[in-house]
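Enquirer: sequence isn't available, so here's the structure alone:
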C-alpha cells in the first residue's frame, strides 16, 4: 500500500533558487512567530514587582542593560598627569589654539558712502542722445566742458601703451608720430554744407 502511494505521487520538479529562498524565509518566519507566542520569562516582561518573580531570581541573571547616557570617564592619576603635562607643554610653546572670533561687518554710514546728487538732471535723455549723435555723425563739439580732461586722459593712455610696448617687445619700437595738423571729421560734404550758416 505504501509503495502504491509513492507511485501515485507526481515527481517533484527541481526548485529554483528563488523558491528555495522563499521557503527558507517562510521557515524563519514560522520560528519567529512560534518564539514570540511562547510565554516569556519574567525579566523580558518589562517592569516586574517582587510578587511576580521568583525569590532571589534577580541574582541569577546578568543584569546589564544598555543606557543612553555616556559613562563618565574614570578619574585616574595617570590621565590627569598626562593632561597637566600637555597643558604645560602648550603654554611653553605658546600654542593656544583659540578660535579667532569673526568680526561683524561695520554698518556703512552716510559719511563713508559716495556722494550722490539728489537733484534732477536739467537735461533730458533725448537731448543727451542728440548731442552724442551730432558729435559722432557731424563732428559737432561737445559742450560739457570736459574736452581738456579727455585730451589729458588720451595722452596718459598713449604714454602707458608706449611704455608697455617697449617693455614687451624684444626689438626697439619707435615712438609713433603724432600729426600736428588738426584732422577734420570724416563727414559727407553735403552734411557740412547743411550746417553752414547762409547770409
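Expert: Done, it's in. Only a predicted model underlies this, so the values are computations on that prediction, with no experimental measurement involved. Residues are numbered from 1 along each chain as shown.
Enquirer: every contact and neighbour count from this point should use C-alpha atoms.
Expert: OK.
Enquirer: okay, now the unreliable bits of the chain?
Expert: The chain contains residues with pLDDT under 70 at 1-12, 63, 65, 99, 108-114, 170, 172-173, 176, 178-199.
Enquirer: and the end-to-end length of stretch 37-51?
Expert: 24 Å (CA to CA, to the nearest Å).
Enquirer: how far off centre is that stretch?
Expert: Here the centre of stretch 37-51 is set off from its chain's centre by 55 Å, with CA atoms, centre = their mean, to the nearest Å.
Enquirer: now stretch 79-94
Expert: Distance of stretch 79-94 from the chain centroid (CA atoms, centre = their mean) equals 38 Å.
Enquirer: same check on stretch 122-137?
Expert: That offset, for stretch 122-137, works out to 46 Å (CA atoms, centre = their mean).
Enquirer: buried ones in it?
Expert: Of all the residues in stretch 122-137, those buried under the rule 16 or more other CA atoms under 10 Å are residue 132.
Enquirer: also stretch 32-46?
Expert: For stretch 32-46, burial by neighbour count (16+ other CA under 10 Å) applies to no residue.
Enquirer: what does that stretch contact?
Expert: 48, 52-53 (CA atoms under 8 Å, 6 or more residues apart in numbering).
Enquirer: now these in a markdown table, with secondary structure?
Expert: Shown next, in a markdown table, are these (DSSP: H, G, I helix; E, B strand; the rest coil):
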| residue | secondary structure |
| --- | --- |
| 48 | coil |
| 52 | helix |
| 53 | coil |
